[in-house]
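Engineer: Give me coordinates for this.
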Amino acid sequence: MNGTTASQEAEKIVAELPERISDVIKPFACHSPDHPALAQGDVTWSYSELAAVVADTTLILKHYDIRPGDRVMIISENSLALVALILAIAELDAWSVVANPRLSAREIDLIREHSGARRVFYTIKVSDAARQHAERQEADIAVLRGLGTLGVGPLNRDTVPEPVEVDRSRQIAALIYTSGTTGNPKGVMLTHRNLLFSARVTSALRDPTDKAYCVLPISHIVGYSAILIASLMVGATVQLVPHYDPAALVSAIANDGITLIFGVPATYQRLLEYKAVAGIEKLPRGKLRRLAVAGAPLDVALKSRIEAEFGMPLGNGYGITECAPAIAGARTEAPRSDDAVGSLISGIDARLVKPGGGAVAPGEIGELHVRGPNVMRGYYRNPEATAAAIDADGWFNTGDLARFEGDILYIVGRTKELIIRSGFNVYPPEVEAVLNEHPAVVQSAVIGRNRPLRSGQ
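Structural biologist: Numbering: from 1, shown residues only. Reported below is the predicted structural model:
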């Protein structure tokens, strides 16, 4: 995409965005107050009820000494209380730090210490793992209006709030930790503008009649931005699901009016496995109108099986936490039969770079760099990693190897996972795709291993 065109498109989108992620529910709380916003189990919150709980939660957070610029950690599976806390934290110009309860004690402690969290909240009624973390940290148990019973960690009196931006859209909204390939968690600083820009682009095909199935963890960026914020932004309904169970998904499709499913490839693989084990002749389609997948390489055989099962395209997409996450996606009006991730989202630029620098020739593989309003502020308390990832002109190095065919993007692997065999580049996803075509193989993983050269090699 031409840089000037992308920049102009980005400016147009940004100009239409609200200031904070918490603002997205406010128009619907006024104009369609009774429309369902969130559902979990047999409990549903309308937009007016959600707005009221967020207002109460904002007061609760102030009571617990949360200040603008503080980092507030939430250890929670997908739940009503988690969403209310995220939006209330945004109202206070604080930062939400959502952690999956299934992380180890060591990982939770690393995130808590690195973020300098002012307090930690635990949704102990939703998750046994969250309850165990709360007990380990000797959290108080409190019944909070609208939120139910939560664990509330002690006040961190030593932490210092971060400066608050005058332009609220540039304020950090979320600190999302990603381990990457090093195993050491890095905190990705995402502003309200980052999240809202990405959500706006991914919400283009949604409307208030939609009901999105949110089983991907909100502690990860797809659940946080592409499902939760993007759906609330258009006045749709989000069904919150703490744990993935293929049988529960089949029931939701048949009985709950689900129209949108967002998953990773394993979501759909397990759905087909359940169908076979349960002896189901055909999975129900219900009111489904869109299937989307991202988060990992998509096997073409799995894609074709899902599309045949539901009679609709499985839209492949590509993103990364540092881009909040949207970078590219297959267009509904131009479905693909291959493993392409589609064309770039509106308002961003991309380029392919040779290792060590320099542009690649058309059709060749290179390292993917992107630039736009979706690119993170940086890694928290890690200026060296930030400088290594984002150059002076704002280009973010995704670390992914890619190629373009016209305007269609293909992701072929990670730079650090590239295998060089006898001078030839071997991309693990391509080998995995061939292995996965065998009927005896459910899933495969290809990993390179160093070995000494023998004489004559």
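Engineer: can you give me the strands in the stretch 51-200 of the chain?
Structural biologist: Counting by DSSP state E, counting those that start in this stretch, the stretch 51-200 of the chain has these strands, from start to end: 71-75, 95-99, 119-122, 140-144, 148-152, 172-178, 186-191.
Engineer: surely residue 385 meets residue 397?
Structural biologist: No. Counting by C-beta atoms under 8 Å, residue 385 sits too far from residue 397 to count as a contact (11.1 Å). Where C-beta positions appear, they are placed from N, C-alpha and C, glycine not excepted.
Engineer: Any idea which of the strands of the stretch 51-200 of the chain gets closest to residue 17?
Structural biologist: Evaluated over the strands of the stretch 51-200 of the chain, closeness to residue 17 peaks at strand 186-191, with 11.0 Å, by C-beta to C-beta.
Engineer: which parts of the closest one are buried?
Structural biologist: Within strand 186-191, the residues scored as buried using 16 or more other C-beta atoms under 10 Å are 186-191.
Engineer: Could you please name the strands it pairs with and the direction of each pair?
Structural biologist: According to DSSP bridges, strand 186-191 has the following sheet partners: strand 172-178 (antiparallel), strand 378-379 (antiparallel).
Engineer: ok so, going back, from the buried residues of strand 186-191, which single one is nearest residue 277?
Structural biologist: Nearest to residue 277 among the buried residues of strand 186-191: residue 188, at 37.7 Å, using C-beta to C-beta.
Engineer: Could you pull out the buried residues of stretch 304-316?
Structural biologist: Counting neighbours by 16+ other C-beta under 10 Å, one finds that the buried residues in stretch 304-316 are 305-306, 309-310, 313-316.
Engineer: gap between the two ends of it?
Structural biologist: With C-alpha to C-alpha, to the nearest Å as the measure, stretch 304-316 spans 12 Å from end to end.
Engineer: Compile the strands of the stretch 51-200 of the chain into CSV and extend it with columns for distance to residue 217 and mean pLDDT.
Structural biologist: Formatted as CSV, the entries for the strands of the stretch 51-200 of the chain read as follows, by distance: least, C-beta to C-beta, whole Å; pLDDT from 0 to 100:
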stretch, distance to residue 217, mean pLDDT
strand 71-75, 12, 98
strand 95-99, 8, 98
strand 119-122, 15, 98
strand 140-144, 22, 98
strand 148-152, 18, 98
strand 172-178, 11, 97
strand 186-191, 15, 98
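Engineer: Any chance of CSV for those, columns distance to residue 335?
Structural biologist: As requested, those are arranged in CSV below (distance: least, C-beta to C-beta, whole Å):
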stretch, distance to residue 335
strand 71-75, 37
strand 95-99, 33
strand 119-122, 42
strand 140-144, 46
strand 148-152, 42
strand 172-178, 30
strand 186-191, 30
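Engineer: Tell me which of those strands lies nearest to residue 30.
Structural biologist: Checking the strands of the stretch 51-200 of the chain against residue 30 by C-beta to C-beta gives strand 172-178 as the closest, at 22.3 Å.
Engineer: and the angle for that closest one with strand 71-75?
Structural biologist: Orientation note: strand 172-178 sits at an angle of 50 degrees relative to strand 71-75 (axes from the mean of the first three to the mean of the last three C-alpha atoms, to 10 degrees).
Engineer: Buried residues in strand 172-178, which are they?
Structural biologist: Buried positions in strand 172-178, judged by neighbour count with 16+ other C-beta under 10 Å: 172-177.
Engineer: buried ones in the longest strand along the chain?
Structural biologist: Of all the segments assigned as strand in the chain under DSSP state E, the longest by residue count is strand 396-405. Using 16+ other C-beta under 10 Å as the burial criterion, the residues of strand 396-405 that qualify are 396-404.
Engineer: Of all pairs in those, which one is the farthest apart?
Structural biologist: Checking those against each other with C-beta to C-beta, the farthest-apart pair comes out as 396 and 403, at 18.4 Å.
Engineer: hang on, the earlier thing: so which of the buried residues of strand 186-191 would you say is closest to residue 13?
Structural biologist: Relative to residue 13, the closest of the buried residues of strand 186-191 is residue 191; by C-beta to C-beta it sits at 14.5 Å.
Engineer: what's the distance between the closest one and residue 127?
Structural biologist: When distance is defined by C-beta to C-beta, to the nearest Å, residue 191 is 29 Å away from residue 127.
Engineer: Show me what stretch 126-146 is in contact with.
Structural biologist: Outside of stretch 126-146, the residues that reach it under the criterion C-beta atoms under 8 Å, 6 or more residues apart in numbering are 52-53, 56-57, 60, 75-77, 79, 81, 84, 101-102, 105, 108, 120, 122-124, 149-154, 242.
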